[in-house]
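**Student:** Curious how this folds, go ahead:
(one chain, ligands or ions: 2)
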Amino acid sequence: MESQTSDKDTMIKRILAADSNYPVIDRTFSYGTAGFRTLGAHLEKVSFRAGILSAIRAKVSNGLTGVMVTASHNPKQDNGLKIVEADGSMLHPDWEKKAEILINSKNLAQTLYDFDQEFTAHNIFEHRGYVFVGQDTRESSQRLSDALRNGAFFIGSKTINYGLVTTPQLHFLTEKGGKIGQARYDEIKANDYTEFFTAQFQNFLALIKDQSTTKYQNELYLDCANGIGSVQMKKVSELLGTDSDLKVHFFNDDLIPDKLNEECGAEFVHKDQKFPTHFEDSSFRGKKCASFDGDADRLILFYRDENDKLVLIDGDKQFVLISMYVKDLLSKLGITEDQMSLVLVQTAYVNSRATRYLKEKGVRNELCPTGVKNAHPIVLKYDIGANDEPNGHGTIVAKMDKLDQVLAGHMDKIEAQKLRAVLLISNMCVGDAIANILLLEAIMRDLDMSIQDFALIYEENPSRNYKAVVKDRTKFKVIWDETKLTQPIELQEKIDQLITTVEEGKAFVRPSGTEDILRIYSEARTHEQMELLAQQILEEIKTKYKDY
Ligand SMILES: CC(=O)N[C@H]1[C@@H](OP(=O)(O)O)O[C@H](CO)[C@@H](O)[C@@H]1O
Ligand SMILES: [Mg+2]
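**Tutor:** Ligands and ions are numbered 1, 2, ... in the order given. Sure, this is the predicted structure:
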């Protein structure tokens, strides 16, 4: 698609005419923790305008942005839009604000003239920009992708539609585009992603192919949340071939939009602490299982123990293993923290036992507010930085140039080869369920570790997330790392007091950044105490703060 005009006024007229075709939704949209997200039916105009915004962003920066149409783990009637920078990272915070201005504008022509003024040097009505677009399997996704591409077209941009891809895949493809430049965008194919990660996994396995295993389980039972992850993971499986070390059995791999995230997927398993559909059977006992979320950027591992209890391996434990593995290789090579710094960045939701374990093992650990975009700036301060959220988000990022310098002279050693190879299995743009399962399989295989061994690295305190509906969640204010409320302070004082009544108590309340609710986290040494603590806090909110 190509715009023929360079005349500003004519272009704006056409944009306004197209914009008026999309229904007006009378509310203010904000770019939350994970982009614009609400009912799919309310997002058509937002998508059209997000297309314009993404195109402008491309024109004034590196010529490229990516947009993913998805609402991840949220209900099937929801949808959302996440904008990706040309380096594969999340939209710059300054541009989140600009996106809100353009999307909520009551005078679109004026807003466009304002943008034009602000970016005079970039000629936003003339320069070409590119927008890479991906979508999940929701019913509304096609319509929203169409509206989005339409918006980009009307402001004179080209779009490349990758169709059904996972969120991390769209980040990967956008980053690749940012690296190779516009002239070669045609070369980028959605399958580059699956081919890349399969090859990295195979490279690592080639280093350890002679190591025999006794405990590693090479079969994985995968719950795909009935989302797009199954399509891409099946491609990985095919590329690995039948004689591969890793055999994946696919479940909940139906692409009917109605089934998306329905009683399955990482969010369901983690928050509800229940087995997903098709995993109820006791024949799954002891087997290594995992769940993706709807757009495959989250991963939860789990198994059914001998008492049929669900044992979860959450994001924290996954990244504790990954960080420990990397730390161990560095120390075997005699590489110090000064030569190559390492950090694991987590959120207030981290289990106290994980924090304690990391301290014992000497892994540097920092907290950040919820949302991957908050972890990223901290991660980048270190040479190797991992971040995770218990719900299954997480990635490990390494400054590969620096690593190569530090490893020069060590590359004859297996530890150096493993370190380089294992880090390359990571999707360094954003947390990725497919890359992460391959990364963890590589490590479990090398350490000859069963899923049961994995679960035992440390024993978490029982914990759980709860929700409460209040009149106005924005009145609840928290400190930077979200572990405490500053307002209402009386509620914080009550929580502080309740925590002391249970063993190893930890609890906090914060307003969600993606839903119109308060989130309540509770943790204690026993399940009963954890529930008691949560119930008391919920009761306090219900009786005193519902209409606050
Ligand atoms: C407790 C929890 O799971 N919070 C989730 C949720 O954010 P909230 O701001 O808590 O609504 O959605 C985010 C985006 O997917 C994710 O990064 C985060 O971990
Ligand atoms: Mg997701």
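**Student:** mind listing what residue 144 touches?
**Tutor:** Shown in contact with residue 144 (C-beta atoms under 8 Å, 6 or more residues apart in numbering): 40, 43-44, 47, 69, 79, 81, 135. Every residue, glycine included, has its C-beta placed from N, CA and C.
**Student:** what do you get for residue 303?
**Tutor:** 284-289, 311, 451-452, 455.
**Student:** of those residues, closest to residue 214?
**Tutor:** residue 452 (13.1 Å; C-beta to C-beta).
**Student:** picking that back up, just the ones of the contacts of residue 144 in strands?
**Tutor:** Counted as lying in strands by DSSP state E, out of those, are 69, 79, 81, 135.
**Student:** Turn these into CSV, columns for pLDDT and neighbour count.
**Tutor:** CSV is the format used below for these (pLDDT from 0 to 100; neighbours: other C-beta atoms under 10 Å):
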residue, pLDDT, neighbour count
69, 98, 30
79, 96, 30
81, 97, 28
135, 98, 26
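**Student:** could the residues you listed go into JSON lines alongside distance to residue 278?
**Tutor:** Shown next, in JSON lines, are the ones in strands among the contacts of residue 144 (distance: C-beta to C-beta, whole Å):
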{"residue": "69", "distance to residue 278": "27"}
{"residue": "79", "distance to residue 278": "26"}
{"residue": "81", "distance to residue 278": "31"}
{"residue": "135", "distance to residue 278": "25"}
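**Student:** export those residues to CSV and tack on distance to ligand 2?
**Tutor:** Below are those laid out as CSV (distance: C-beta to the ion, whole Å):
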residue, distance to ligand 2
69, 13
79, 13
81, 13
135, 13
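**Student:** on that earlier part again, which of the contacts of residue 303 are buried?
**Tutor:** When those are checked for burial by 16 or more other C-beta atoms under 10 Å, the buried set is 284, 287-289, 311, 451, 455.
**Student:** need the residues you listed in a markdown table with pLDDT, secondary structure and distance to residue 210, can you?
**Tutor:** Formatted as a markdown table, those follow (pLDDT from 0 to 100; DSSP: H, G, I helix; E, B strand; the rest coil; distance: C-beta to C-beta, whole Å):
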| residue | pLDDT | secondary structure | distance to residue 210 |
| --- | --- | --- | --- |
| 284 | 97 | helix | 31 |
| 287 | 98 | coil | 26 |
| 288 | 98 | coil | 23 |
| 289 | 98 | strand | 29 |
| 311 | 97 | strand | 31 |
| 451 | 98 | helix | 24 |
| 455 | 98 | helix | 28 |
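**Student:** Go through those and name the one nearest residue 276.
**Tutor:** Nearest member of the buried ones among the contacts of residue 303 to residue 276, counting by C-beta to C-beta, is residue 289, at 8.5 Å.
**Student:** residues touching that closest one, list them.
**Tutor:** 220-223, 279, 301-304, 451.
**Student:** Taking the ones in strands among the contacts of residue 144, tell me the two that lie furthest apart.
**Tutor:** Spanning the widest gap among these are 81 and 135, at 10.0 Å by C-beta to C-beta.
**Student:** Figure out the helix or strand that the residue of the chain found nearest ligand 2 lives in.
**Tutor:** At 3.1 Å from ligand 2, residue 72 is the closest residue in the chain, using C-beta to the ion. Residue 72 belongs to no helix or strand when assigned by DSSP states H and E.
**Student:** Great, nothing more from me.
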